[in-house]
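S.K.: Quick check, what structure comes out for this input:
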Amino acid sequence: MTIQRIGLRPEKSPLYNKAVIHGGVAYLAGQVAVNPAPTAAEQTRQILAQIDDYLSQCGTDKSRLLTATVLFADMRDYAAVNEVWDAWVVPGSIPTRTAFEAKLVTQHNLVAIQVSAAMP
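M.R.: Numbers count the residues shown, from 1 in each chain. Presented below is the predicted three-dimensional model:
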């Protein structure tokens, strides 16, 4: 089986790809808001738009999500993030999901999300 790598940008970071496709699954790297907004809900909207873009580049979409991991800088943002998440996911196609609190990339990042999705 071949492995396809999406978004390799060695001039910016040779550390990782934005997505890797293998065995009929697209695995996205964890996403944080590129321009962090002041609230976790706004950052979540930005992140989910980025995820939509990368899933599209992989040839799939959020209706085919398999798993999601949501990291919170502070679990007090859980309800606000869930409200945005619930409006974004496709009813009947909700993935498994794990959420936990963790120290994120910068003090401005309040949420990070990583997903995997089946290929059509």
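S.K.: Helix, strand or coil: sort out the closest residue to Pro120 other than its chain neighbours for me.
M.R.: Spatially, and ignoring its direct neighbours in sequence, Pro120 is nearest to Thr60 (6.2 Å; C-beta to C-beta, 6 or more residues apart in numbering). In this view, the C-beta of every residue, glycine as well, is placed from N, C-alpha and C. Here Thr60 is recorded as coil under DSSP: H, G, I helix; E, B strand; the rest coil.
S.K.: Now do the same contact list for Thr60.
M.R.: By C-beta atoms under 8 Å, 6 or more residues apart in numbering, the residues touching Thr60 are 26, 117-120.
S.K.: mind showing which ranges of this structure have poor pLDDT?
M.R.: 8-14 (pLDDT under 70).
S.K.: Please give the element, helix or strand, for Ala87.
M.R.: Using DSSP states H and E, Ala87 sits in helix 78-88.
S.K.: thinking again about what came up before, most neighbours among the contacts of Thr60, which one?
M.R.: Ranked by the number of neighbours (other C-beta atoms under 10 Å), those place Ala117 first, at 27 neighbours.
S.K.: That one - that's part of a strand, no?
M.R.: Yes. Ala117: assigned to a strand according to three-state DSSP.
S.K.: Wait, it touches Arg64, no?
M.R.: Yes. Between Ala117 and Arg64 there is a contact at 4.6 Å, judged by C-beta atoms under 8 Å.
S.K.: can you give me the helices for this structure?
M.R.: 40-58, 78-88 (DSSP state H).
S.K.: tell me the most buried of these?
M.R.: With neighbours taken as mean count of other C-beta atoms under 10 Å, those reach their highest mean count in helix 40-58, at a mean of 19.
S.K.: Brilliant, that's me finished.
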